[in-house]
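S.K.: Fold the following for me, if possible:
(chains A and B)
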Amino acid sequence: SQQGEEDPQALSIQEGENATMNCSYKTSINNLQWYRQNSGRGLVHLILIRSNEREKHSGRLRVTLDTSKKSSSLLITASRAADTASYFCATDSGAGSYQLTFGKGTKLSVIP
Amino acid sequence: NAGVMQNPRHLVRRRGQEARLRCSPMKGHSHVYWYRQLPEEGLKFMVYLQKENIIDESGMPKERFSAEFPKEGPSILRIQQVVRGDSAAYFCASSTMTGSTYEQYFGPGTRLTVT
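M.R.: Okay, here's the model as predicted:
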């Protein structure tokens, strides 16, 4: 599998429910970032979590990072129809690298 | 403060033609990155530039592709003699400094279709 691989590939939930997406990676990292992409649009930065952090919150978003398992999760609580988008995790390749490596993303559909 | 600007948003080229994609970074950002996204895929790093310098082009195909970031004006990604496999979304990002602790701000992308 490639660095920064999201799971599931697609997720469909009802408005108000929570959505959890996972990301696994292979090599050591400095930071892991989550981005959102609305259909046919650019990427919007959601949150950055450093390798020495275990959990981070931003509004309805909660990100966890487990460096021993090389995995991260993104939780969106109380989802809204406007959260419908693709979500990508991006990792650097360590040593302060500027090269972000993205997975294929999770397509989230929130049904009103 | 305007975000990263890319133009055109959509570009259609016939096989063999040239494609020129432009990117104006955010004000105050001197680091520019180009990424390519194939359909149903994540973004793949292509090239990293600073003003008048190509720092890392390890993700860019050796032939037909070139990039520049002149002292004045936008960064340009140039694809010569396009082929159908070049059809993708090309995203530009910029940052104030480089390194993974500095957020890269992405533009809306240019969707290239080669017919």
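S.K.: From now on I want contacts and neighbour counts done on CA atoms only, so please keep to that.
M.R.: Noted.
S.K.: What are the buried residues along stretch A:7-18?
M.R.: Residues of stretch A:7-18 classed as buried: A:7, A:11, A:13, A:15 (neighbour count, 16 or more other Cα atoms under 10 Å in any protein chain shown).
S.K.: closest to chain B among the residues you listed?
M.R.: Among the buried residues of stretch A:7-18, residue A:7 lies closest to chain B (Cα to the nearest Cα), at 13.1 Å.
S.K.: Give me the neighbour count for the residue lying closest to the closest one once chain neighbours are set aside.
M.R.: Leaving aside its sequence neighbours, residue A:7 sits nearest to residue A:22 (Cα to Cα, 6 or more residues apart in numbering or on different chains; 5.0 Å). A total of 23 residues lie near residue A:22 under the criterion other Cα atoms under 10 Å in any protein chain shown.
S.K.: Repeat that for the one 4 residues further on.
M.R.: Using other Cα under 10 Å, residue A:26 is surrounded by 15 other residues.
S.K.: need the contact list for residue 32.
M.R.: All of this is about chain A. A:48, A:49, A:50, A:51, A:89, A:90, A:91, A:92 (Cα atoms under 8 Å, 6 or more residues apart in numbering or on different chains).
S.K.: Wait, chain B was what I had in mind.
M.R.: Residue B:32 touches B:25, B:48, B:49, B:50, B:75, B:92, B:93, B:94, B:95, counting by Cα under 8 Å, 6+ apart.
S.K.: and if we set it to 7 Å?
M.R.: B:25, B:48, B:49, B:50, B:92, B:93, B:94, B:95 (Cα atoms under 7 Å, 6 or more residues apart in numbering or on different chains).
S.K.: cool, residue B:2 as well?
M.R.: Residue B:2 touches residue B:26, counting by Cα under 7 Å, 6+ apart.
S.K.: For it, pull up the helix or strand it's in.
M.R.: Under the criterion DSSP states H and E, no helix or strand holds residue B:2.
S.K.: sec struct for residue B:85, please.
M.R.: helix (DSSP: H, G, I helix; E, B strand; the rest coil).
S.K.: Can you tell me, leaving aside adjacent residues, what's nearest to it?
M.R.: residue B:114 (7.9 Å).
S.K.: I'd like to know how far that neighbour sits from residue A:54.
M.R.: 44 Å (Cα to Cα, to the nearest Å).
S.K.: residues from chain A in reach of chain B?
M.R.: A:31, A:41-43, A:92, A:96-105 (Cα under 7 Å from any Cα of the partner chain).
S.K.: Just the buried ones from the residues you listed?
M.R.: Here, 16+ other Cα under 10 Å leaves A:31, A:41-43, A:92, A:97-105 buried among the residues of chain A next to chain B.
S.K.: so which two of the residues you listed are the farthest from each other?
M.R.: Between any two of these, the greatest separation by Cα to Cα is 25.5 Å, found for A:41 and A:97.
S.K.: mind checking how far residue A:31 is from residue A:70?
M.R.: Going from residue A:31 to residue A:70 by Cα to Cα gives 12 Å.
S.K.: low pLDDT regions in chain A?
M.R.: Scanning chain A for pLDDT under 70 picks out the ranges A:1-4, A:93-96.
S.K.: re the thing from before, where helices are concerned, which of the contacts of residue B:32 count?
M.R.: Within the contacts of residue B:32, no residue falls in helices by DSSP state H.
S.K.: If you rank those by neighbours, which is first?
M.R.: Busiest of the contacts of residue B:32 [other Cα under 10 Å] is residue B:92, holding 32 neighbours.
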